[in-house]
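Participant: I'd like to go over a predicted model; first the sequence, then the structure.
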Amino acid sequence: MTEATRVALVTGASSGIGAATARLLAERGMRVAVNYLRSVQAAEQVVKDIEAAGGEAMAVRADVRDVAAVGAMVEQIGAAWGGVDVLVHNALTPYVIKTFQDMSWEELGGKLDDELRAAFVVTKAVLPAMTEQHRGRLIYLGAVPGHQPRVGMIALGTAKAALTQFSRFLAQELGPHGITVNVVEPGPVAETRMSHVVADEQKQRQVAATPLGRLALPDDVARVIAFYAGEDNAFMTGTTAAVNGGMAMY
């Protein structure tokens with residue numbers, strides 16, 4: 001199967017890392033389903049950008065935590081293009097930034113439930129086609145606090161650590177079916193929705209702590225995702241790629 005006939009589903013693809021990934025995978029010849037929840041105009045703009053560059057894309061709405069909505073989304077993709085060959089699960093569910101002492105179980109447990117529920121639901125939906133064709137790529141977006149604690153980030157860090165371990169179990173189970181499973185773990189990323197709420201002083205501290213002297217851009221993360229999604233990745237599974245310019249090394 002060539003790249004040109006492969007179908008990629010990118011969740012949370014209306015902006016930031018997801019949009020950059022959708023554009024890059026399309027540039028490399030894949031048909032790309034641009035998932036969004038509320039930002040219909042932004043998602044449609046990503047599709048227009050891809051089509052203007054000669055690629056194929058469609059915008060598909062679904063709350064990735066909703067079994068019925070995700071099932072309908074995957075059916076829509078299947079009716080147009082066939083099964084999903086590459087899943088990039090990038091959609092970020094909400095979380096609070098608080099210390100443990102100030103946090104309720106609903107805030108911590110709610111984030112953990114949302115994170116794993118979304119990964120579970122979208123993975124379950126795309127796996128039948130992948131197992132039938134005996135090949136596929138599952139790529140999940142992690143976060144540095146999943147490895148290294150950061151003040152106030154216990155909800156995100158705990159949820160992303162669970163997601164990473166979830167992916168390892170999948171890698172072990174799905175390897176015999178020709179399916180690779182990997183995590184891309186960016187550090188702070190500029191030019192995203194989250195970056196706009198971070199104070200300039202904090203951004204400067206982040207840059208100072210990064211050996212490569214700048215924060216990641218969405219395209220930096222997208223290139224690593226594209227490697228995991230592509231034909232060059234024939235023998236890497238169960239791995240985590242840190243994309244943080246050396247800010248965190250492990």
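Facilitator: It's in. Residues are numbered from 1 along each chain as shown.
Participant: so who does L25 touch?
Facilitator: Shown here is L25, whose contacts under the criterion Cβ atoms under 8 Å, 6 or more residues apart in numbering are A8, V10, V32, V86, V88, I225, A226, A229. To be clear about C-beta, it is placed using only N, CA and C from the backbone, and glycine gets the same treatment.
Participant: doesn't it lie inside a strand?
Facilitator: No. Membership of L25 in a strand is not supported by DSSP: H, G, I helix; E, B strand; the rest coil, which gives helix.
Participant: where's it relative to V86, distance?
Facilitator: Spatial separation of L25 from V86 under the definition Cβ to Cβ, to the nearest Å is 7 Å.
Participant: top of the contacts of L25 by neighbour count?
Facilitator: Neighbour counts for those were taken using other Cβ atoms under 10 Å; the highest belongs to V10, which has 35 neighbours.
Participant: quick check, nearest of the contacts of L25 to A155?
Facilitator: Proximity to A155 was ranked across the contacts of L25 by Cβ to Cβ; first place goes to V88, at 22.9 Å.
Participant: looking at this structure, which helix or strand is least sure?
Facilitator: Among the helices and strands of the chain, helix 200-208 carries the lowest confidence by mean pLDDT, DSSP states H and E, at a mean of 83.
Participant: can you list the low-confidence ranges for the protein?
Facilitator: Scanning the chain with the threshold set as pLDDT under 70 gives 1-4, 193-199.
Participant: I77: neighbouring residues, count only.
Facilitator: With neighbours defined by other Cβ under 10 Å, the count for I77 comes to 24.
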